[in-house]
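Trainee: Sequence unavailable; structure follows:
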C-alpha cells in the first residue's frame with residue numbers, strides 16, 4: 001500500500017514538473033479568463049520558474065498585480081521585462097507604460113515620467129494627463145523641402161523612414177546612357193540640435209578630401225542667425241565610387257527645431273558649368289523646413 005502511494009506521489013510530481021512553461025502560461029490565461037486571478041498569478045509564476053525570460057508571463061502577472069494594488073511586486077516583473085528588451089516594440093512600450101503607471105502609484109514621478117516620455121517617443125499612445133503631468137511638449141515633425149526644375153526628369157530612387165527618426169529621400173536624373181547625371185539627397189535626423197554648421201561643413205569636406213586629394217571647398221552663402229540657421233557651400237572633385245567618376249556637390253545644411261537637415265545636389269564634373277552651378281544654388285535657395 002505504501003509503495004502504491006509513493007508511486008502515485010511520484011507520478012503526480014513528474015506530471016506537474018513535466019509541464020512546459022507555455023502550458024503553465026496557457027493555464028494562467030484560462031484561469032484569468034474565469035476571473036481566478038490568484039490562480040492565474042500562480043500559473044504565470046510557474047511558467048516564469050521554468051523560463052525566466054518568458055516576457056509575456058511577466059507582463060500578464062504584472063498586470064494582475066497592478067490591478068490588485070501590488071505595485072512594487074508589479075514593478076519587479078516590469079523591470080525584468082524591460083531589461084529583456086522584448087520584440088515587438090509594441091510589447092516593450094506597453095511594459096514601459098505600465099511601469100510608468102506603477103511608479104506613479106507609489107509617488108515616484110521622476111521614474112514614471114521617464115517611461116511615459118520614452119513610450120510616447122517610441123510611438124505609444126499616452127494619455128494627455130500623463131504628458132501634461134510630466135511637462136512634455138510634443139515634438140514637431142520636420143521635413144526639408146526644395147523646388148527642383150524640370151520635375152518630370154527627376155525620379156525618386158530611394159526613400160527611408162526609420163521610425164520617423166531618420167528620413168532620407170534620394171532622387172536622380174538620368175542621361176542617355178542610364179547613368180545619373182544629377183543626384184539630390186535630402187536627409188532629416190531627429191534630436192540632433194545646436195549643430196555647429198561651419199564645423200559640419202568642414203567635416204563633410206574632410207570626408208571628401210580623404211577620398212580625393214583634389215577636392216576643393218568653396219563657401220557660397222550662410223545665415224547663422226536665421227530662425228533656422230543654414231549654410232550653403234560647394235565641394236568640387238568628389239569621388240563617386242559607384243560610377244567611378246568625379247562629381248561636384250552643392251551642399252545645404254540647416255538646423256530646425258528638432259531635426260538637423262543635411263542636403264546636397266551633385267553633378268558630374270564634365271556636366272558642371274557656371275549655368276549648372278547657378279541652377280543648383282537656386283534649388284537650395286528654395287529650401288525651407290515644413291512641419292507636416
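Mentor: Good, I have the coordinates. Note that the coordinates shown come from a computational prediction; the quantities given were computed from them, not determined experimentally.
Trainee: Return the helix or strand in this structure with minimum mean pLDDT.
Mentor: In the chain, no helix or strand scores lower on mean pLDDT, DSSP states H and E than helix 2-18, which sits at a mean of 38.
Trainee: so after it, what's the next helix or strand?
Mentor: helix 21-33 (DSSP states H and E).
Trainee: Buried ones in that following helix, by neighbour count?
Mentor: 21, 24-25, 27-29, 31-32 (16 or more other CB atoms under 10 Å). All C-beta atoms are positioned from the backbone trio N, CA, C, and that covers glycine.
Trainee: Put together CSV for these, with pLDDT and distance to residue 277 on each row.
Mentor: Shown next, in CSV, are the buried residues of helix 21-33 (pLDDT from 0 to 100; distance: CB to CB, whole Å):
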residue, pLDDT, distance to residue 277
21, 92, 66
24, 95, 71
25, 95, 66
27, 95, 73
28, 95, 69
29, 95, 67
31, 95, 74
32, 95, 69
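Trainee: could I get those as CSV with distance to residue 265?
Mentor: Below are the buried residues of helix 21-33 laid out as CSV (distance: CB to CB, whole Å):
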residue, distance to residue 265
21, 57
24, 61
25, 56
27, 63
28, 59
29, 57
31, 64
32, 59
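Trainee: Identify, from the residues you listed, the entry nearest to residue 136.
Mentor: residue 32 (33.0 Å; CB to CB).
Trainee: Please tell me I have it right and that closest one contacts residue 67.
Mentor: No: counting by CB atoms under 8 Å, residue 32 stays clear of residue 67, with 10.5 Å between them.
Trainee: ok, which stretches of the chain are helices?
Mentor: 2-18, 21-33, 37-50, 55-67, 71-84, 89-105, 109-121, 128-133, 197-211, 274-285 (DSSP state H).
Trainee: any idea which of those helices scores lowest on pLDDT?
Mentor: For these, mean pLDDT drops lowest on helix 2-18, to a mean of 38.
Trainee: measure residue 184 to residue 248 for me?
Mentor: 14 Å (CB to CB, to the nearest Å).
Trainee: Check residue 24 too.
Mentor: Taking CB to CB, one finds residue 24 at 66 Å from residue 248.
Trainee: Output the helices of the chain in CSV; the columns should cover distance to residue 231.
Mentor: Putting the helices of the chain into CSV (distance: least, CB to CB, whole Å) gives the following:
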stretch, distance to residue 231
helix 2-18, 68
helix 21-33, 57
helix 37-50, 56
helix 55-67, 47
helix 71-84, 41
helix 89-105, 36
helix 109-121, 29
helix 128-133, 35
helix 197-211, 4
helix 274-285, 10
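Trainee: Looking at these, which is nearest to residue 152?
Mentor: Here helix 274-285 is closest among the helices of the chain (CB to CB), at 15.6 Å.
Trainee: elements contacting the closest one?
Mentor: strand 230-240, strand 245-255, strand 259-268 (3 or more CB pairs under 8 Å, 6 or more residues apart in numbering; DSSP states H and E).
Trainee: With respect to residue 51, which of those strands lies nearest?
Mentor: Using CB to CB, the helices and strands packed on helix 274-285 put strand 259-268 closest to residue 51, at 41.9 Å.
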